[in-house]
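Q: next come a sequence and a model predicted from it.
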Amino acid sequence: MSDSRPIVDLWIWQLETTDRSGHAPPPDIRMETLSHEERQRAGRFVHARDRDRYVRAHIGMRVVLSQYDFMEPASLAFRYGPAGKPFLARPDAPRFNLSHSGSLAALAVSRALEPGLDIEIARDASRAVASVLSVEEKAELDRLPPEKRADAFARAWTRKEAVVKALGTGFETSPEEIVVGVSPDRVTPLVRAPAAFAPFERWRIECFPCGASVIAAIAAAAPDYRIVRRTPPWRNRSDLPPMS
Ligand SMILES: CC(C)(COP(=O)(O)OP(=O)(O)OC[C@H]1O[C@@H](n2cnc3c(N)ncnc32)[C@H](O)[C@@H]1OP(=O)(O)O)[C@@H](O)C(=O)NCCC(=O)NCCS
């Protein structure tokens with residue numbers, strides 16, 4: 001039986017050439033591939049490592065998106081939503097969302113829906129609990145054994161970011177008002193949020209581990225969809241981190 005659910009393509013790549021994990025970064029880069037604005041942003045980074053990661057994230061994004069649009073990576077034109085969410089300028093182009101954390105970048109692309117994507121390197125963020133979790137999420141977290149709390153918090157954080165990034169509003173909404181839960185379930189609903197996110201029952205949030213210490217979430221205001229892992233075009237072998 002054929003699967004008619006909308007598809008979200010998920011592309012993941014490395015941002016460090018020195019990485020030994022085997023997840024290759026985009027091929028060597030020509031700054032001319034980037035727009036004037038992207039080159040200006042790259043030039044503002046204080047540390048060369050951060051600049052190089054930014055450049056590899058954007059070159060990778062352009063190379064992947066050019067495959068959908070049958071254009072040269074350098075020819076892609078972007079426009080931006082009110083809070084900075086980028087879109088391809090062509091009206092019938094696929095929708096996408098980029099996320100980068102540490103030395104990893106990920107890109108969600110869909111022809112059917114508007115994806116939000118967040119990847120985070122797991123770290124101790126316990127000091128942020130009070131400003132990120134709702135009252136019921138904090139209570140849920142407190143009921144967990146201490147050793148499970150860091151992962152649970154990372155899941156909630158990543159889900160919230162993915163929801164906000166799907167809508168494109170940025171954090172003008174306080175994270176505590178976006179209630180997604182801390183459960184380890186792979187698929188979760190949007191429990192509650194401000195009116196801009198309505199109707200909440202349409203949302204589907206899918207959260208998954210994405211290699212060692214990395215957590216990822218995709219969110220969309222669509223009741224069902226299927227995430228398909230894709231191999232970036234500059235890879236010659238399928239060595240993506242496991243997605244269990
Ligand atoms: C949009 C936002 C949510 C991205 O957060 P982030 O986790 O720092 O960054 P990510 O790596 O996941 O995403 C960055 C990419 O998202 C895209 N983006 C930019 N603005 C966006 C927006 N308003 N909506 C969706 N995507 C956006 C861009 O492609 C950007 O890449 P670039 O910076 O290389 O151009 C950020 O602007 C923001 O408001 N952060 C607040 C963080 C916060 O308070 N978190 C609380 C935890 S719940």
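A: On my side now, so go ahead. Residues are numbered from 1 along each chain as shown.
Q: show me which residues of the protein sit near the ligand.
A: Applying C-beta under 6 Å from any ligand atom, we find that the chain lies next to the ligand at 54, 57, 83-86, 97-100, 118, 132, 157, 160-161, 164-165, 168, 170-171, 175. Just so you know, the C-beta spots here come from the backbone N, C-alpha and C atoms, and that holds for glycine as well.
Q: tell me which other helices or strands the helix or strand Q40 falls within touches.
A: For Q40, the enclosing helix or strand under DSSP states H and E is helix 36-44. Using 3 or more C-beta pairs under 8 Å, 6 or more residues apart in numbering; DSSP states H and E as the contact definition, the elements that helix 36-44 packs against are helix 48-69.
Q: could you list the buried residues of the helix or strand that the helix it packs on is followed by?
A: Proceeding C-terminally, helix 48-69 gives way to strand 78-80 as the next helix or strand, assigned by DSSP H and E. For strand 78-80, a neighbour-count test (16 or more other C-beta atoms under 10 Å) marks F78 as buried.
Q: helices along this protein, start to end?
A: Under the criterion DSSP state H, the chain carries helices at the ranges 36-44, 48-69, 129-132, 135-142, 149-167.
Q: in this protein, where is pLDDT below threshold?
A: Low-confidence segments of the chain, defined by pLDDT under 70: 1, 17-29, 124-125, 235-244.
Q: what comes into contact with the helix holding Q40?
A: Taking C-beta atoms under 8 Å, 6 or more residues apart in numbering as the criterion, the residues outside helix 36-44 that touch it are 31, 34, 51, 54-55, 58.
Q: make it 10 Å
A: Applying C-beta atoms under 10 Å, 6 or more residues apart in numbering, the external contacts of helix 36-44 come out as 31-35, 50-55, 58-59, 61-62, 78, 80.
Q: of the helices of the chain, which is nearest I205?
A: Closest approach to I205 among the helices of the chain is made by helix 149-167 (4.9 Å; C-beta to C-beta).
Q: show me what the closest one is packed up against.
A: If you count contacts as 3 or more C-beta pairs under 10 Å, 6 or more residues apart in numbering; DSSP states H and E, helix 149-167 packs onto strand 95-101, strand 104-110, strand 116-121, helix 129-132, helix 135-142, strand 187-188, strand 204-209, strand 214-220.
Q: kindly reformat the ones you listed as TSV and extend each row with mean neighbour count.
A: Rendered in TSV, the data for the helices and strands packed on helix 149-167 read as follows (neighbours: other C-beta atoms under 10 Å):
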stretch	mean neighbour count
strand 95-101	22
strand 104-110	25
strand 116-121	22
helix 129-132	13
helix 135-142	15
strand 187-188	16
strand 204-209	20
strand 214-220	26
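Q: any chance of the ones you listed in a markdown table, with distance to P233 too?
A: What follows is these, written out as a markdown table (distance: least, C-beta to C-beta, whole Å):
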| stretch | distance to P233 |
| --- | --- |
| strand 95-101 | 15 |
| strand 104-110 | 12 |
| strand 116-121 | 19 |
| helix 129-132 | 36 |
| helix 135-142 | 39 |
| strand 187-188 | 29 |
| strand 204-209 | 23 |
| strand 214-220 | 21 |
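Q: so which of the ones you listed is nearest W234?
A: strand 104-110 (12.5 Å).
Q: shouldn't P73 be in contact with W234?
A: No. At 11.3 Å, P73 and W234 do not qualify as touching, with contact defined as C-beta atoms under 10 Å.
Q: quick check: neighbours shared by those two?
A: Common contact partners of P73 and W234 (C-beta under 10 Å, 6+ apart): 26, 59-60, 63-64.
Q: among those residues, who's most crowded?
A: Compared across those, G60 has the highest neighbour count, 28 neighbours, by other C-beta atoms under 10 Å.
Q: one step back: from the residues of the chain next to the ligand, which would you call buried?
A: In these, burial by neighbour count holds for 54, 57, 85, 97-100, 118, 132, 157, 160-161, 164-165, 168, 175, counting by 16+ other C-beta under 10 Å.
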